[in-house]
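**Student:** Return atomic coordinates for the entry below.
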Amino acid sequence: MAEPRTPSADHIRILVGRIVDATLEPAGASSEPVAPVDGQTMVAVAGDHGGWRMKDAIGSWLAEQGYAVHDCGTHSDEAVDYPDLAADVARLVADGTCRWGIVVDGAGIGSAMAANKVPGVRAANCHDLSSARNSREHNYANVLTLGAGFLGTALALQIVETWLATEWGAERHGRRVQKIGAIERSYVGAAAGKES
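**Tutor:** The predicted structure follows:
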């Protein structure tokens, strides 16, 4: 696997500018696909050695539903580091290549933590249909993480379906999501300033 890329201060500034324009719009934020491919919405998927089989099932289901799937790996039981995979998916969502991302590891918690380090990503670890709906409607989540050690594939697919189908409740929750973005920008801005 490639070495993780550390964004430069200039790259962080570009990402933050994109985040303000693309994902933290005022209450009427668009839910249109970011990067359609031949009319299909692109979804990035990844799974570590404990989650790759579930990731493959999710990828197949997405393709059947008409989504374009960007598979970031892995494809075997050989041990890999989930933070690398989560970061790959998160970058594709943050830079607009993919509209959404889905990462599967053993518990889903570590992948959510790693993905949330990428500016512009709001990753949610969901374990049932209620948390899936809530993360989209209330928190405008753009990356879903799942725990293959806690979920069967049938439930995972129901969670994915619910998560993708749930509309963002911009009018009720937009102000709070903007505050999440403001916290992120304050730390990213401080970090970029130190590198200058």
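**Student:** Quick test: name the residue nearest the centre of the chain.
**Tutor:** When the chain is reduced to its mean C-alpha position, the nearest residue by C-alpha atoms, centre = their mean turns out to be V143, at 2.0 Å.
**Student:** Please pull out the lowest mean pLDDT helix or strand from this structure.
**Tutor:** helix 9-22 (a mean of 39; mean pLDDT, DSSP states H and E).
**Student:** hang on, the earlier thing: show me the contacts for the residue nearest to the centre of the chain.
**Tutor:** Counting by C-beta atoms under 8 Å, 6 or more residues apart in numbering, V143 touches 86, 89-90, 93, 100-103, 112, 115, 121-124. To be clear about C-beta, it is placed using only N, CA and C from the backbone, and glycine gets the same treatment.
**Student:** again, only using 10 Å
**Tutor:** By C-beta atoms under 10 Å, 6 or more residues apart in numbering, V143 lies in contact with 44, 86, 89-90, 92-94, 98, 100-103, 111-112, 115-116, 118, 121-125, 135.
**Student:** quick one: the spatially closest residue to L155 that is not a sequence neighbour from V143, how far?
**Tutor:** Of all residues not flanking L155 in the chain, D128 sits nearest, at 7.7 Å (C-beta to C-beta, 6 or more residues apart in numbering). Distance, D128 to V143, using C-beta to C-beta, to the nearest Å: 18 Å.
**Student:** which helix is the longest one in this protein?
**Tutor:** Ranked by residue count, the top helix of the chain under DSSP state H comes out as helix 170-195.
**Student:** before we move on, what SS does I102 have?
**Tutor:** Following DSSP: H, G, I helix; E, B strand; the rest coil, we place I102 in the strand state.
**Student:** State the pLDDT value of it.
**Tutor:** Per-residue pLDDT puts I102 at 98.
**Student:** how much space is there between it and H49?
**Tutor:** 17 Å.
**Student:** One more: V80?
**Tutor:** V80 is 6 Å from H49, by C-beta to C-beta.
**Student:** what do these two both touch?
**Tutor:** T74, D105.
**Student:** what's the burial count for A165?
**Tutor:** Counted with other C-beta atoms under 10 Å, the neighbours of A165 add up to 10.
**Student:** wouldn't it be in contact with W100 here?
**Tutor:** No - using C-beta atoms under 10 Å, A165 is not in contact with W100, being 11.8 Å away.
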